[in-house]
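Enquirer: here is a sequence with its predicted model. Questions after.
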Amino acid sequence: MSNDNSSTPKHPVNAPDGTPVPYDTHVPTHREAEPIADPGLPAHTWRPTDVDPKAEKRAERQIAAMFIAAMISAILFVVAYFSFEVGDNWDTFAGLGASTITLGLTLGISLLLIGTGIIHLARKLMADHEMVEMRHPAASPQEDRDATVQALNDGLAEAGIGRRPLVRNTMIGAVGVLGLPAVVLLRDLAPGDALDIDKLGNTIWEPGMRLVRDVVGTPILASEVEMGDLINGTAEAMFPSEENGYPELHGAEEQAEKAKAAIIVVRMDPDEITPLEGREKWTVDGIICYSKICTHVGCPISLYERTTHHVLCPCHQSTFDLADHARVVFGPAARPLPQLPLAVDDEGYLVAQSDFTEPIGASFWEREKL
Amino acid sequence: MSTDSRIDTSKVATSNGTTAATASKPGPAGSLASWADDRLGLATAMKKNLRKVFPDHWSFMLGEIALWSFVVLLLTGVFLTLWFNPSMGHITYEGSYDQLRGVGMSESMASTLHISFDVRGGLLMRQMHHWAAAIFIASMMVHLLRVAFTGAYRKPRELNWVIGCLLLLLGTLEGFTGYSLPDDLLSGTGVRAADGFLKATPVAGSYMSFLLFGGEFPGESIIPRLYIIHVLLIPGILLALIAAHMLLLVYHKHTQWPGPGRTEQNVVGFPMLPVYAAKAGGFFFMVFGVIAIMGGLMSINPVWKFGPYDPTKVTAGSQPDWYMGWPDGLLRIIPTGWETVIFGYTISWNVMLPILIVPPLMLVILMLLPFIEGWITGDKRDHHLLQRPRNAPTRTAVMVSLMTFYGLAWAAGGNDIIAIKLDLSINQITYFMRVAIFLGPLLAFWITRRWCISLQRHDNEKLLHGYETGIITRSPEGAYAERHLPISETSAYTLTARDRDEVYSVGSDTDAAGVAAPNSRSERLRARLSSWMYSHNVQKPTRAELEEAHHHAEHEAELQAGLDHPVDGHQFDDHRLRDTDEVPLRDH
Amino acid sequence: MLLLGLLISGSLYTAFSPAQADSQPSETEQVAQGKELFLASCAFCHGQNGEGVPTVRDGYQLGPSLVGVGAAAVDFQVGTGRMPMAAPGQQAPRKPVVFSDEEIAALAAYVASLGPGPAIPNEADYSIDDLSEEERQEAISRGGQIFLTNCTACHNFNGAGGAMPRGGYAPSLHGVEPKYIFEAMLTGPQQMPNFSNGNLSPEEKRDVIAYLGSLEETPEYAGFTLGGLGPVSEGLFAWVVGIGGLVGAAVWIASHTTRSKKSKVNA
């Protein structure tokens, strides 16, 4: 290797009169003389490290110091790894996890020092002569193109595909139809009944099923719900027990039902409620219940304001007025939250009169049909 | 100036003097190289590429940030896979994070907690992986902006631009699939929203949702499926596209800024070996180091605080990672009630428009930019010299306009955080954004274009009348004037090293590119667009104009200085001192 | 009944707690003192008898009726400085407390006398100190799940607070005394819904408080929390620190090094 390849003679950019040499023959140019002739690359100047042995030595020492410090930092990483405890009993450092910050800092500092050392080396000590390399057009030379086109035509002619449309068309057809197996193979991504989209139309709620508080699963006495209360609830069937007799749910089924069963229960002054026609008897003494799943794209929604009765979705800020059949008052949602018709059972607990009367959650194509 | 760029090896710092040694005596490196070449025959390809020249400019290193953060992603990602268990099997957490002990969760969440709390360095690696992902996509975007603003996407690099856009798309999808894997409350909320997006697809939406989730949401399949997409499918495509991107870069050679000695035919810079390799390699360590420090000091995605995903829970500030923020913002600003029911079928414009229509459209527009520009200008030449953004006012304005659109949508995606941090109302922010998303880009376009054109005028002023010295002189009549002095030859050359814009006109004899139907409708459209693009631009002065202006200036200078002999005007500043090392306007 | 019981036990506690018995005035004295304070500082908005003052707009009130809000509401609103408000407004922010502890107790006693309402909770209601280690652990993880179900939607996963409609906000829970958190859940101040004892039992409230306390006590394993606001602040830091720092590094790498004025050497 030598530095000699940098000595390629400079390509004439401008003719002596300053006219640019055309570099593309596709478009004839009407360019006049460039206003200022190219003065050419400026002369090279030297760095202190090139001309001053002291500066050079100093740079060497600086770089070596960075590499040595990087080594030390890497060793400190190992020390930190073994000395700080994680798991049940984290060591702390100013209220922060000691292991994470020391490992991050030692690793980062080590890497940064190696990086700056190498770059310092490149900037100060490596030869910094700019070199000139000539470009070549991206396109191949014309004769190569011609030869390629010729080869392509020869090959196609020898194959004879163009002359035999029957063969050509059936071949294209055969390969095209192979797309069908490829698509059909994906059918069992949701095997068998799992692809039954009618499931979107109903939830686990059924007439007489008690409302329970989420997480703890306790049923809700109507008399215990106070004005202004917000209860994040779900269906009793999500907390099956011997007492209530609901079957155990497992895995995907449990998750899917849980995702649809969630409700919010609020209590307000009965006079404030403007019931939709036919829903006059869906509330119990100002207690009103809606699906917790936003009708926009399905986030659970429970940012409730007790005096305005508005509930806000934290994902995209759709706002619903719970006093007015959960009408959308703001934000991108298009439909009110589905309302769950309420009643009280013999023991005074809140129960559902029925399932939701429409699919809950985000819209989908067949929604009105289910 | 000398046109001889032959390297004077006598003055290379002595410490690397050995590199200048003659090639006749092969050392150990030489014998290893010949052993390898006997078997691989690489010397023919390497002889050019080892000393391949790369121009040096900070803005050329933005893509490198993306490349190196991708390497960090691969390294940290492999570490994480050693413990991560992509299963939705339900277990009770018994690990060492107190607040979640005894809580039911999926195995993927439990293994994420295990990595975070019971594997030393695991939390660091998780956070590095996440920070690197955020930086990976951010650096791709700033790189994209640099390429667009300097016109580097012009012929012959259009296809590399398209590859770059695909990398941005894939990087975004890779990020989404990645942050969804822990199955925590925040990402699960995002997955549920994604389910809502799928369901909003006309006709097949519900089925697409059921197929993806292996049944009704959330099912037990989504995490394993996202996992294999995240660790195999998308990284594989990313690697292949990155390789193609780099190969094309090497084949085309890097673009460069215009300047003395830098032309469309050459590339001036440092050789791959050693300087560029050292700078790029060193930069890798720096990117790695910055990410390590961020991972060590700054918390990101604290899944233990979100808790496991539960379809009945949600947290305030439920946002996607930043690169998904702008479609999320568009979702937020759609006015109430954009949903139609036709023949009993529901079409959710409120979801389709911001998610399924606008983002793909934006991507297509982005990918088509170089082709649209090339068609309007009719420019079929290869371009290797970059343009300053001001010298392509319309392109710059279009990009700023697109950025404004993106930025407003992005801000709308954080409207709740903006509201609490700046004491604003989310409702008011949303109302504002609904209007601003249309007016903002238009205003940005207009301001940017006028600004660019003013800067072009300013450049011409400098060429014709020199730069403003800040020195006020008083004429014998008592009038005050600011003295202008000519700029250096290199600066002047650099300012004029740009093409004159040629407005395309139908049937004009300046265009001889073999146009088939000179009066067709598309040709007229093209002419109109070309005029829209170029007609306001300020062209560089001609040689005659320059000479006349200089002559005039010298005359003025003589008069003003009250001297009886011509002066070059530099008696007032330090240009005379710096004559020997005049540098062009930009570093390189 | 339960409420009444609580009210009585609360009042009894306030009245007969041995630590306070010596220095505290009798209940009637307290109510009288409270009424005086109320007339001076609260009645403008809440009415001479705490019945609320309606505005001309239907259904809106300058200050709501305080009949039945109970001592807990007063203790929360005045004890955290929210009341008295500096000016009528949509939301009363937390600010320095104006009244002394005795004055707050007097105001609470007066408002409690207007109608039955939740009493100020005892420390035993929200403390987990009496529990065994195992019970404590259970309380914390159960409290976390209740918190994530009922509270994070507004107050965020970290208790950092969040935005509500029309400029409202759910305040940060950091550094709020357990008593006030309990009272806030019990009484539903301002726009916040109630989590009355029929909604979340006192034990469940206690668990939520235990979880919040444990969040503040546990070290930040992962480093600085960047405001604990989720991906938006993370994205901001990725751009400012990550991209900002690395672009700065790129500028350094590509910049020209110092040049020497010397042009000739004998190397």
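Expert: Looks like it arrived, so ask away. Residues are numbered from 1 along each chain as shown, chains lettered A, B, ... in the order given.
Enquirer: can you show me the helices along the stretch 151-300 of chain B?
Expert: For the stretch 151-300 of chain B, the helices defined by DSSP state H, counting those that start in this stretch cover B:158-180, B:185-199, B:205-213, B:222-228, B:234-252, B:277-297.
Enquirer: need the per-residue pLDDT for B:Leu471.
Expert: One thing to correct before we go on: residue B:471 is Ile, not Leu. The model reports B:Ile471 with a pLDDT of 85.
Enquirer: in a strand, it, correct?
Expert: Yes. B:Ile471 sits within a strand when classified using DSSP: H, G, I helix; E, B strand; the rest coil.
Enquirer: which helix or which strand is home to the residue lying closest to it once chain neighbours are set aside?
Expert: Closest residue to B:Ile471 apart from its sequence neighbours, by C-beta to C-beta, 6 or more residues apart in numbering or on different chains: B:Arg483 at 4.5 Å. C-betas here are computed from N, CA, C, even on glycine. Taking DSSP states H and E as the definition, B:Arg483 sits inside strand B:480-485.
Enquirer: partners of that strand in the sheet?
Expert: According to DSSP bridges, strand B:480-485 has the following sheet partners: strand B:467-474 (antiparallel).
Enquirer: in the strand it pairs with, what's buried?
Expert: B:Tyr467, B:Thr469 (16 or more other C-beta atoms under 10 Å in any protein chain shown).
Enquirer: can I get the helices of the stretch 151-300 of chain B in JSON lines including mean pLDDT, mean neighbour count and distance to B:Ser34?
Expert: Formatted as JSON lines, those follow (pLDDT from 0 to 100; neighbours: other C-beta atoms under 10 Å in any protein chain shown; distance: least, C-beta to C-beta, whole Å):
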{"stretch": "helix B:158-180", "mean pLDDT": "97", "mean neighbour count": "21", "distance to B:Ser34": "35"}
{"stretch": "helix B:185-199", "mean pLDDT": "95", "mean neighbour count": "25", "distance to B:Ser34": "54"}
{"stretch": "helix B:205-213", "mean pLDDT": "96", "mean neighbour count": "22", "distance to B:Ser34": "55"}
{"stretch": "helix B:222-228", "mean pLDDT": "97", "mean neighbour count": "19", "distance to B:Ser34": "44"}
{"stretch": "helix B:234-252", "mean pLDDT": "96", "mean neighbour count": "15", "distance to B:Ser34": "24"}
{"stretch": "helix B:277-297", "mean pLDDT": "97", "mean neighbour count": "24", "distance to B:Ser34": "21"}
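Enquirer: in which helix or strand does the closest residue to chain B within chain A reside?
Expert: Nearest to chain B in chain A, going by C-beta to the nearest C-beta, is A:Gly104, at a distance of 1.2 Å. Per DSSP H and E, A:Gly104 falls inside helix A:98-124.
Enquirer: the residue in chain C that chain A sits nearest to and B:Ala436, how far apart?
Expert: Residue nearest to chain A within chain C: C:Gly198 (2.7 Å; C-beta to the nearest C-beta). In this view, C:Gly198 and B:Ala436 are 46 Å apart by C-beta to C-beta, to the nearest Å.
Enquirer: also B:Pro389?
Expert: Taken as C-beta to C-beta, the span from B:Pro389 to B:Ala436 is 24 Å.
Enquirer: same drill for those two, tell me which one is more crowded.
Expert: The residue with more neighbours, out of B:Pro389 and B:Ala436, is B:Pro389; 22 against 19, by other C-beta atoms under 10 Å in any protein chain shown.
Enquirer: could you pull up the residues touching B:His465?
Expert: By C-beta atoms under 8 Å, 6 or more residues apart in numbering or on different chains, the residues touching B:His465 are B:His484, B:Ala549, B:Ala553.
Enquirer: can you give me the helices for the stretch 101-250 of chain C?
Expert: C:101-114, C:123-126, C:133-150, C:152-155, C:178-187, C:202-217, C:231-237, C:244-254.
Enquirer: could you list the buried residues of the fourth one?
Expert: Buried positions in helix C:152-155, judged by neighbour count with 16+ other C-beta under 10 Å: C:Thr152, C:Ala153, C:Cys154, C:His155.
Enquirer: again, but for the longest one
Expert: Along helix C:133-150, these residues count as buried under the neighbour rule (16+ other C-beta under 10 Å): C:136-150.
Enquirer: which among those residues are in contact with chain B?
Expert: Taking C-beta under 8 Å from any C-beta of the partner chain as the test, chain B is in contact with C:Gln137, C:Glu138, C:Ile140, C:Ser141, C:Gly144, C:Gln145, C:Leu148, C:Thr149 out of these.
Enquirer: and those residues as JSON lines, adding pLDDT and distance to A:Gly331?
Expert: Output for those, formatted as JSON lines (pLDDT from 0 to 100; distance: C-beta to C-beta, whole Å):
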{"residue": "C:Gln137", "pLDDT": "90", "distance to A:Gly331": "40"}
{"residue": "C:Glu138", "pLDDT": "90", "distance to A:Gly331": "39"}
{"residue": "C:Ile140", "pLDDT": "93", "distance to A:Gly331": "35"}
{"residue": "C:Ser141", "pLDDT": "91", "distance to A:Gly331": "34"}
{"residue": "C:Gly144", "pLDDT": "93", "distance to A:Gly331": "29"}
{"residue": "C:Gln145", "pLDDT": "93", "distance to A:Gly331": "28"}
{"residue": "C:Leu148", "pLDDT": "93", "distance to A:Gly331": "23"}
{"residue": "C:Thr149", "pLDDT": "93", "distance to A:Gly331": "23"}
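Enquirer: of the residues you listed, which is the nearest to A:Met131?
Expert: C:Leu148 (61.7 Å; C-beta to C-beta).
Enquirer: what's near enough to touch that closest one?
Expert: Going by C-beta under 8 Å, 6+ apart, C:Leu148 touches B:Leu185, B:Phe306, B:Gly307, B:Asp310, B:Lys313, B:Thr315, C:Phe157.
Enquirer: mind checking pLDDT for the residue of the stretch 401-550 of chain B found nearest chain C?
Expert: In the stretch 401-550 of chain B, the residue that lies nearest chain C is B:Ser425 (3.4 Å; C-beta to the nearest C-beta). With respect to pLDDT, B:Ser425 has a value of 92.
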